[in-house]
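Engineer: could you look at this predicted model? Sequence included:
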Amino acid sequence: MSGPIPYKSTPEFDEATLPQALRNDHSTKAGVWGLLRVLEGRVSLVFHDPARTVEVTVENPAQIDPQTLHHVVTHGPMRMRVEFYHEPPLPQS
């Protein structure tokens with residue numbers, strides 16, 4: 001079963017190389033979905049409105065909807081990247 005294909009991806013980051021811009025509040029543009037994929041370890045994806053925190057692991061990637069304010073919090077050693085899509089990357093539940 002195939003799903004949407006990302007049109008772009010960030011480089012792979014670890015806890016030392018994760019840019020401050022991703023640690024601070026930011027959002028994607030209109031019409032752009034993100035998918036945070038953890039390759040090792042775990043991170044928290046903190047959304048602001050409505051306020052919620054998603055624990056992101058290798059088994060549990062997290063979708064970021066367009067124009068949704070959020071930031072990433074690390075919890076020790078990790079590796080991650082963000083993929084970008086023109087449509088929702090995960091099935092809607």
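Structural biologist: Received the coordinates, thanks.

Engineer: chain neighbours aside, what residue packs nearest to the most centrally placed residue in the chain?
Structural biologist: Closest to where the C-alpha atoms of the chain average out (Cα atoms, centre = their mean) is residue 36, at 2.5 Å. Counting by Cβ to Cβ, 6 or more residues apart in numbering, residue 36 lies nearest to residue 62, which is 4.7 Å off, once chain neighbours are set aside. For the C-beta atoms, the positions are set from N, CA and C on the backbone; glycine is no exception.

Engineer: residue 80 too?
Structural biologist: Distance criterion Cβ to Cβ, 6+ apart; nearest residue to residue 80, sequence neighbours excluded, is residue 38 at 4.9 Å.

Engineer: from residue 9, how far off is the one you found?
Structural biologist: 14 Å (Cβ to Cβ, to the nearest Å).

Engineer: more neighbours, these two?
Structural biologist: residue 38 (20 against 13; other Cβ atoms under 10 Å).

Engineer: that one reaches residue 78, doesn't it?
Structural biologist: Yes. With contact defined as Cβ atoms under 8 Å, residue 38 reaches residue 78; the gap is 6.3 Å.

Engineer: need the residues touching each of residue 38 and residue 9.
Structural biologist: With contacts defined as Cβ atoms under 8 Å, 6 or more residues apart in numbering, no residue is shared by residue 38 and residue 9.

Engineer: all strands of the chain, in order?
Structural biologist: 8-9, 13-14, 33-40, 42-48, 51-57, 62-64, 70-74, 79-85 (DSSP state E).

Engineer: average pLDDT across the second one?
Structural biologist: Throughout strand 13-14, pLDDT has a mean value of 98.

Engineer: each with direction, which strands does it pair with?
Structural biologist: strand 79-85 (antiparallel) (DSSP bridges).
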